[in-house]
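Asker: With the input below, show me the fold.
(one chain, ligands or ions: 2)
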Amino acid sequence: MLGTIAYLGLGSNEGDRLRALRLALDRLVAKGVELEAVSTVYETEPQGEVRDQPDFLNACAHVRYSGDAESLLDLCKQVERELGRNPSGRRHGPRPVDVDLLVFGDLVYRSERLVLPHPEIRSRRFVLEPLLELEPTLTLPDDGTPLRQHLSAVREQRVVSLGPLLQRDGSR
Ligand SMILES: Nc1ncnc2c1ncn2[C@@H]1O[C@H](COP(=O)(O)OP(=O)(O)OP(=O)(O)O)[C@@H](O)[C@H]1O
Ligand SMILES: Nc1nc2c(c(=O)[nH]1)N=C(CO)CN2
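Answerer: Ligands and ions are numbered 1, 2, ... in the order given. Next up is the predicted model:
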């Protein structure tokens, strides 16, 4: 099969959060990203620099993509803009949708605008839980340790699985 396996992290905490996550996946598929699997959706407490903001919905997607990592990041950023994200919004602040490139094959990479694997994967339960749901034995290409080892350190971060984001056949 052609293309590179990648994992995307999706989040939303403004407006119709569920609709935003589904629309983001639709838009990515329309731009040539092949959807292999999608995690359940989690309601999660805000992490990072801004704690006083509404809870997020988060999910992860296992995708296949035939271009390079920088161009997949371009697509993620395009989709964020198309769904109303203000590119100069506050770091870690509220947003209608956020699409992060978590892992791109076994690539370990750093440019001015892209770091792979995403540096915050290990410290964010809202990423670890849906990612491990998709791939329970996943290891990151930079340190090779099983990702599930990092769960115990983030147990205090509140996340609740709400069920499937998409139906089994990909419809809503
Ligand atoms: N793996 C990656 N996935 C997505 N963005 C990345 C990645 N590595 C670096 N970046 C850069 O991070 C910048 C800020 O991303 P974003 O606006 O999503 O920040 P944030 O969601 O507020 O915080 P965080 O980056 O901690 O998730 C982006 O413009 C992008 O160039
Ligand atoms: N629970 C949760 N917290 C966050 C999130 C997110 O998607 N979910 N995204 C952030 C910026 O990337 C900052 N904090």
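
Asker: pretty sure L162 belongs to a helix, no?
Answerer: No: L162: not assigned to a helix; according to DSSP: H, G, I helix; E, B strand; the rest coil it is strand.

Asker: Name the nearest residue to it, ignoring sequence neighbours.
Answerer: V41 (5.1 Å; Cβ to Cβ, 6 or more residues apart in numbering). Backbone N, C-alpha and C define where each C-beta goes, glycine included.

Asker: Over to S66?
Answerer: That would be G3: by Cβ to Cβ, 6+ apart, it lies 4.3 Å from S66.

Asker: Quick check: closest non-adjacent residue to the residue of the chain with the smallest separation from ligand 1.
Answerer: Of all residues in the chain, R113 sits closest to ligand 1, at 3.5 Å by Cβ to the nearest ligand atom. Setting aside the residues directly before and after it, R113 is nearest to L73 in space (Cβ to Cβ, 6+ apart), at 6.9 Å.

Asker: What is the neighbour count of that neighbour?
Answerer: 18 (other Cβ atoms under 10 Å).

Asker: R19 too?
Answerer: 14.

Asker: could we number from 32 for the rest of this?
Answerer: I'll keep to 32 as the first residue from here, and by that count the last item is R50.

Asker: residues contacting it?
Answerer: Listed by Cβ atoms under 8 Å, 6 or more residues apart in numbering, the contact set of R50 is empty.

Asker: Name the helix or strand for whatever residue of the chain ends up closest to ligand 2, please.
Answerer: Closest to ligand 2 within the chain is G42: 2.7 Å, counting by Cβ to the nearest ligand atom. Secondary structure assigned from DSSP states H and E places G42 in strand 35-43.
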